[in-house]
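**Student:** Quick one, fold the following:
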Amino acid sequence: MRVFNVNLYWFSLVLLSDGVFAYVQDTHITDGGLFVKPSLEIGAIYDDNIYNEQGSGTSSVIMVVVPAVNFKMDDGVNYYSLDMKAEKGNYEASGRDNYTDGELGLKAHLEPNDTHRFDLSVKGEWLTESRGTGKTEEDFEETDEPILYGRNTLAAAYEYGAEQTKGRLVFDLRYYEKEYRNFYEITKEGNYDSVLLGSTFYYSTRAHTDAVIEVNVEKIGYDYSDPNEFNRDSDVYTALFGMQWEASSILHGFGKIGVQAKEFDDGGREDFTGFSWNIGGVWRPLTYSKLTFSTSQATKDPDVEGDYVLETKFKVDWRHNWTTYYYTSFGIYKYKDDHSGASRVDDTYGFSAKFNYELTQNVAIAVFGEWDKNQSTKTEFEYDKNVVGVSFTFTL
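**Tutor:** Now for the predicted structure:
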């Protein structure tokens, strides 16, 4: 997705959430059993700080158009899915910041019998890094237009063990590639790929509750290394232990805690060994109301400075369906990015709200907003951002 602390593409996901790519009542079904779900979103967004500037920033209205279509074959056990999406954004204040993004993804789930299951996915993304974020977060004027980049992901998983058995074992393989496509002198150090190998063991302790042991290793390699800087190539090892449960339709979730180690090939960079976790769940006190929560901590590679970023996230969302045709959702979040080797800590706080109303079975209107504040030990990275918008989503 586009690299924002709070980004326009995130808003598109919000607006397109809750079933755009899933089978719903108005999905078209061909004679051959192919589910076809097309959609078109048209939105207007007002952002009072498009470059994430300290103090009073540049404001703009952004017109966003997002066509999308999903094709799916599903026999109740196996399924195949193709997703295609594009996003076009035009800035009223600065045509130089206009962007066009695209995404193409394939997924397949295969169960030859009740003991063996396979999941395969391939996704390509053609994305835009808005000025004031990512490589230009310190100075949006470093480039005269947004930075372009691509992401390619190939993932495969094999699960052994029937659902009703005591134990199940999953093996994961993932290849990821990120490649910048313009402003080479600025972006060349950010091109990299990674390979992740992992395994997860599930052990059933009682009805609808599993103990979980997860281990994986990821090898990260960069295409270019500045001879005057330390190499960024590294290996990341993660081991987590926890539980997952689905005691009833009211409450289900997971909790995994453990350790993560990031070891650089170059001894000049600072390694990391520390606490890591991934916890989340959904509580449905009523059939038409749900509370979703998540928290995690793990390392990630920085866009510009430092050896690594220890990222800690907390997020809570509440959605309430007042009737069958309109709902509201509210969210609060806090993100902390601790940059090792750069003496920089960022704390981001935010609140989001959305009202969605179905005018007809095929037309929905959404009004939304997000209020975001970033504090940093380096004041040049501090900013406030307020975003409001409205969108129409059309489906067949």
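
**Student:** which residues sit in contact with Lys123?
**Tutor:** Applying C-beta atoms under 8 Å, 6 or more residues apart in numbering to Lys123 gives the contacts 103-106, 151-153. For the C-beta atoms, the positions are set from N, CA and C on the backbone; glycine is no exception.

**Student:** Could you do Thr295 as well?
**Tutor:** Applying C-beta under 8 Å, 6+ apart to Thr295 gives the contacts 277, 279-280, 312-315.

**Student:** do that again at 6 Å, thanks
**Tutor:** By C-beta atoms under 6 Å, 6 or more residues apart in numbering, the contact list for Thr295 reads 279, 314.

**Student:** Doesn't it lie inside a helix?
**Tutor:** No - with DSSP: H, G, I helix; E, B strand; the rest coil as the criterion, Thr295 is located in strand rather than a helix.

**Student:** Quick check: it vs Asn216, distance?
**Tutor:** From Thr295 across to Asn216, the span is 20 Å (C-beta to C-beta, to the nearest Å).

**Student:** Over to Tyr46?
**Tutor:** Note on Tyr46: its distance to Asn216, by C-beta to C-beta, is 42 Å.

**Student:** Just checking: what are the partner strands of the strand or helix carrying Glu214?
**Tutor:** Assigning secondary structure by DSSP states H and E places Glu214 in strand 209-222. Under the criterion DSSP bridges, strand 209-222 sits next to strand 192-206 (antiparallel), strand 234-245 (antiparallel) in its sheet.

**Student:** Tell me the buried residues in the first one?
**Tutor:** What that stands for is strand 192-206. The neighbour-count check on strand 192-206 (16 or more other C-beta atoms under 10 Å) flags 192, 194, 196, 198, 200-202, 204 as buried.

**Student:** what's in contact with it?
**Tutor:** The contact list for strand 192-206 (C-beta under 6 Å, 6+ apart) reads 166-172, 174-178, 210-220, 222.

**Student:** can you check the shortest one too?
**Tutor:** Residues from elsewhere that reach strand 234-245 (C-beta under 6 Å, 6+ apart): 209-220, 254-264.

**Student:** Tabulate the strands paired with strand 209-222 (JSON lines), appending mean pLDDT and distance to Asp346.
**Tutor:** Shown next, in JSON lines, are those (pLDDT from 0 to 100; distance: least, C-beta to C-beta, whole Å):
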{"stretch": "strand 192-206", "mean pLDDT": "95", "distance to Asp346": "22"}
{"stretch": "strand 234-245", "mean pLDDT": "97", "distance to Asp346": "21"}
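
**Student:** could these go into a markdown table alongside distance to Ala162?
**Tutor:** Formatted as a markdown table, the strands paired with strand 209-222 follow (distance: least, C-beta to C-beta, whole Å):
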| stretch | distance to Ala162 |
| --- | --- |
| strand 192-206 | 11 |
| strand 234-245 | 17 |
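
**Student:** quick one: low-confidence ranges for this protein?
**Tutor:** In the predicted model of the chain, residues 1-32 satisfy pLDDT under 70.

**Student:** Can you list the residue ranges for helices in it?
**Tutor:** Here the chain has its helices, by DSSP state H, at 8-16, 184-187.

**Student:** I'd like the buried residues of strand 192-206 as a markdown table, with distance to Glu305 appended.
**Tutor:** Shown next, in a markdown table, are the buried residues of strand 192-206 (distance: C-beta to C-beta, whole Å):
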| residue | distance to Glu305 |
| --- | --- |
| Tyr192 | 16 |
| Ser194 | 20 |
| Leu196 | 25 |
| Gly198 | 29 |
| Thr200 | 34 |
| Phe201 | 38 |
| Tyr202 | 40 |
| Ser204 | 46 |
